[in-house]
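Asker: give me a 3D structure for the following:
(2 chains)
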Amino acid sequence: MIHKNIHLAFRNILKNKGLNSINIIGLALGMTAVLLIFQYIRFEKSYDKFFENSDRIHRLVFYRYYQTGLDKSVGNNYLVGQIAHEKIPGIENFCRCKKETQYVQAGDEIYKEERTLFADSSFFDIFSHKVISGNKSEFLRSPGVAILTESVARKYFGNENPIGKTIYGVNPGKKPVVVQGVIKDVPRNSHLKFDLVISLATVTNKSYCYTCNNTNTYFLLRKGTDPESVGKEITALAKDYFVAQKVDITFPIEYRLQPVKDIHLHSNYRFEHEINGSIKYVSILLVIGFLILLSAGLNYFNLFSSITTRRINGIGIRIINGASGGDIISEFTTEAVVTGMISLILSYILLFLLFPLFKDFLNLDFTLSSIFEGTTWLLPSMLLLFLSFLVGWILAVRILHAAPVSFIKKDQSVTSKKNNRKFLLIGEFVISILLIAVTLGAMKQISFMQKDALTMNIDQTLVVKRPVAAEFNSGQQPFQESLLKLPEISEITFSTISPGEKNNWVKGGISLKGEDRLDYQFFQADVAAGFFDFFNVRLLAGRQFFSDETNWTGGPRHLILNKEAAQAFGKNDYKEIIGKTLYDNDSKADIGEIVGVVDGYFQNSLDQEIKPTIFNCDQGGYYIFMKVQSKNIPEVIKKVSAEYKKYFKDQYFEYYFLNDFFNAQYKSHIQLLRCFLLFSIMAIIITSLSLFGLIIMASASRTKEIGIRKVNGATVAEILAMLNRDFVIWVMIAFIISAPVSWFAMHKWLQNFAYKTELSWWIFALAGLLALIIALLTVSWQSWRAATRNPVEALRYE
Amino acid sequence: MILLKHIYKYYDSKFQRTFVLKDIDLEIAEGEFVTIMGPSGAGKSTLLNIIGMLDEPSEGEYYFLDQPAHKLNEKKKVEFHRNFVGFIFQAFHLIDEMTVYENIETPLIYKGVKIRDRKGMVAEMLDRFSIVAKKDLFPTQLSGGQQQLVGIARAVVGKPKLLLADEPTGNLHSDQGKQIMELLKRLNEEGITIIQVTHNNDFAQYGSRIIRLTDGLISSDNRIC
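Answerer: Reported below is the predicted structural model:
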């Protein structure tokens, strides 16, 4: 029986090739979107699970409850891990590591390795990276040794065996480091990605800051140990330690353990290794995926329903010939599942074919997982087949209730109901308009952040980072002067930090002299005198730094605050703060005198608030900013690098354009925007397919009506208007429904941004208009054909 | 075989009750060939539909083979359609997506007949009606007369006791009609009870009894010799 049903199902599907292909393609598209999303979610959730013992690996997080807010950081000091390991039995092992940018010389080449990790010897005991060569038990046990990843080993030494060879840490100095071993490249789904590891012992010499909180600490807990209680114990230990050292901590602190598997999706603390994913994105994508599948499902239901309603005669005949309700249901569900199956196979093919495109467009970090890997493929596939079954079942039951034998009583054919079509199509339009509006809104927000809200001027700005070591300080001034002589360069400034970087120079315990100690977290930076002018940063009160500020010896240092820092001190009238002295309660010394308040210096991307910052004026900052006047960029780079080589011999020439660098912070937002765009297009295609199918059926069933109207004098234009009028009304209804929903969705999403664009009315209007235009384009060809058909043909067969 | 007692069929709307059948008392024995005649709107098709359990009477009792049909549930009705009755229609009502062979096979599938037996039974029908050559064609590829033949083949392949025919020759011209009527007569002689509805007086003579309906009432009930 099933065999017969399948045979019949195929024949039926082939009979209505046009409508069925629309159906199948629409559903396949929706399914492709869902499969892609499942792949992404699987990858995001798989981070760090491949380590042996990944259940027992935890990271130490340092919570500081400032009055300005909670600071969560995974930068800890050098000592806490060791003390915890000694005193707490639940901790089996610990390691410290630090990711830095290190310039490495291998042979004659100097490489800038931004993912250099400095780590304890226990690092590879805790993180089970695959060793390719070298003796693991020796790894990182002494200063001056390194482990390379496979690609880096190949980059430095080609196919030669790197073990025993020497590379040099340069910029500053030239420190030899011996290669001990090679490991497999770090898998993409790890939060801690690096290209090479140098032993931490190499840098822990006399000048190392053991109490600075800038090192990551990981623990391997014993089986059955409760991480929460370990966190509490460490907190207690830390407090005892601070008391013993007579360090005053006046704001609450806490240490907590974070499971390594949670890191990627649930944290973005300070001193993170890279910008992590976010469980929010996973949720947003799930919602979008669901919407697309819903749209495709509505399409499927719509078209399948129309196709089967045409066959209501056949169903009545079957019942008269002895079919039971169960027989009819089984025929319908078989056809529905067969159609679903075809769609499913098509969606697999589509995904495999299109994945390289998706990967490029969305900047995806993963490859498709094997088909035989359970949930990622099986779960959505089963879901689709089940939903197909459900559609068939619902339609069968509905048709059975419609008393199909009734037509036979009157010996005529039955006409299909139009009402349900309307709601389903409106539903699809709502989803499409929603996605279009959200995409437009996201575009507006990103454009707003990058252009309108960014009041400081970062265009045409070339940034050169000179080598940091003290020996190069003297070269900076002459280098800058020689650059100014170049016709292409018009202005120069410098500082210790570049816009677009994370500022890690934070300090608590600062207050206005004479006032109470505040436990706010302030950021600091050293800048050149003309820094704010260079970037068009506004002065709100007081004055800029004098050009000879750094030679000022006639009193306290001069400081400039940003407006957020002034507000932190409770001064909303900025003039009040001018002339006041800042005092450091920890070192019990004056910091300096406030001479100015500025506004509009953006350190980070505009989804974040500007943090309260204190600016010092300083002579040397290693980021050199210059305004470029020429359009011939390669020429400019050549000239600048030639000057660089004169003053910083044999050093790595590093440069970037500031707007590129700054805007790179929006990478994940742009990725999300592209996601929205891609899925909007999918939804539009699905809705258009739906519409196309509908208009074919509508014009077919109204052929006679059109013929009669034409015979009675209707023009082609009037017929077109009549046919299209319904669709236009439906799009308008869909617009009215989706406008508030999309406004709400975007409003919520914008809460994640410090600088929000306005949700102007034209975003929604444009989305609705786009949907309308697409709808009209889709139906126009078919309605044109229907409207221009010779009425004689329509009326010939009554 | 068929016993109708005080059958009424009416439709209620707002303040009006429209009667289609009024107080029908009818008895039909096995083996009879009955023709129901009457003007348009007299209720002939409705009566046929009630006998065929495609419709339910508003009032009254209907006994089929001494079973109270007006009290049957869905399952019993399905059984009835599978085992006891076959239908043929003016508009043939073949399933367009199926071949001739499959159309005839349909009732057997629902009865659960095994494939080997089905093959034999369908082949017998095709042979009997001389449409073997057409077995893989679709209904749209056949003439009206041939389609009705298929309809009849389908209706009787399961060897039902009763055959209900609603204007079987209505869409055919007179030669084809005669052919069909001859066929029906032969089937009746083989033992199938036939009830037909027709406008055609000549074709009515093929039967053994003529019942005339006027305005929902039986106005005459005569045997033909």
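Asker: all strands for chain B, in order.
Answerer: B:2-13, B:16-28, B:33-37, B:59-64, B:67-68, B:85-89, B:162-166, B:193-197, B:209-214, B:217-223 (DSSP state E).
Asker: same question but for the stretch 51-200 of chain A, I mixed them up
Answerer: Along the stretch 51-200 of chain A, counting by DSSP state E, counting those that start in this stretch, strands occupy A:57-66, A:69-73, A:91-106, A:109-119, A:131-133, A:145-149, A:166-170, A:174-183, A:196-199.
Asker: now the stretch 501-650 of chain A
Answerer: A:506-507, A:510-512, A:522-527, A:538-542, A:558-562, A:581-584, A:589-599, A:613-617, A:623-628.
Asker: can you tell me which of the ones you listed is most buried?
Answerer: Neighbour counts (mean count of other CB atoms under 10 Å in any protein chain shown) averaged over each of those peak at strand A:558-562, with a mean of 25. In short, each C-beta sits where N, CA and C put it, glycine included.
Asker: export the strands of the stretch 51-200 of chain A to TSV and tack on mean neighbour count and distance to B:Lys178?
Answerer: Listed next are the strands of the stretch 51-200 of chain A as TSV, based on neighbours: other CB atoms under 10 Å in any protein chain shown; distance: least, CB to CB, whole Å:
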stretch	mean neighbour count	distance to B:Lys178
strand A:57-66	21	93
strand A:69-73	15	96
strand A:91-106	20	98
strand A:109-119	19	95
strand A:131-133	15	94
strand A:145-149	25	94
strand A:166-170	19	106
strand A:174-183	18	94
strand A:196-199	25	99
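Asker: mind putting these into CSV with mean pLDDT and distance to chain B?
Answerer: Shown next, in CSV, are the strands of the stretch 51-200 of chain A (pLDDT from 0 to 100; distance: least, CB to the nearest CB, whole Å):
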stretch, mean pLDDT, distance to chain B
strand A:57-66, 90, 62
strand A:69-73, 83, 66
strand A:91-106, 91, 67
strand A:109-119, 90, 64
strand A:131-133, 92, 63
strand A:145-149, 94, 63
strand A:166-170, 90, 75
strand A:174-183, 92, 64
strand A:196-199, 93, 68
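Asker: nearest to A:Leu677 among the ones you listed would be which one?
Answerer: strand A:109-119 (29.8 Å; CB to CB).
Asker: pLDDT below threshold where in the stretch 201-350 of chain A?
Answerer: Nowhere does the stretch 201-350 of chain A drop to pLDDT under 70.
Asker: near chain B, which residues of it are found?
Answerer: A:311, A:313-314, A:316-325, A:327 (CB under 8 Å from any CB of the partner chain).
Asker: which phi and psi values does the closest residue to chain B within the stretch 301-450 of chain A adopt?
Answerer: Chain B sits closest to A:Gly322 of the stretch 301-450 of chain A, with a gap of 3.3 Å, by CB to the nearest CB. A:Gly322 adopts backbone torsions of phi 110, psi 10, taken as degrees, to the nearest 10.
Asker: check contacts around B:Met53.
Answerer: B:69, B:72, B:77, B:80-81, B:85 (CB atoms under 8 Å, 6 or more residues apart in numbering or on different chains).
Asker: which one of the strands of chain B lies closest to chain A?
Answerer: Smallest distance to chain A across those (CB to the nearest CB): 5.3 Å, for strand B:85-89.
Asker: contacts only, for residue 209.
Answerer: Picked chain A for this. Contacts of A:Cys209 (CB under 8 Å, 6+ apart): A:Tyr78.
Asker: actually, chain B is the one I wanted.
Answerer: B:Arg209 sits in contact with B:32-35, B:221-224, where contact means CB under 8 Å, 6+ apart.
Asker: wait, which of those is closest to B:Leu172?
Answerer: Once CB to CB is applied, the member of the contacts of B:Arg209 that ends up nearest B:Leu172 is B:Thr35, at 16.7 Å.
Asker: number of residues surrounding that closest one?
Answerer: 24 (other CB atoms under 10 Å in any protein chain shown).
Asker: same deal with B:Gly38?
Answerer: There are 21 residues near B:Gly38, going by other CB under 10 Å.
Asker: same deal with A:Arg557?
Answerer: 17.
Asker: now do the contacts for the closest residue in space to A:Asp120 that isn't next to it in sequence.
Answerer: Leaving aside its chain neighbours, A:Asp120 sits nearest to A:Cys95 (4.2 Å; criterion: CB to CB, 6 or more residues apart in numbering or on different chains). Applying CB under 8 Å, 6+ apart to A:Cys95 gives the contacts A:81, A:119-123, A:125-126, A:217-218.
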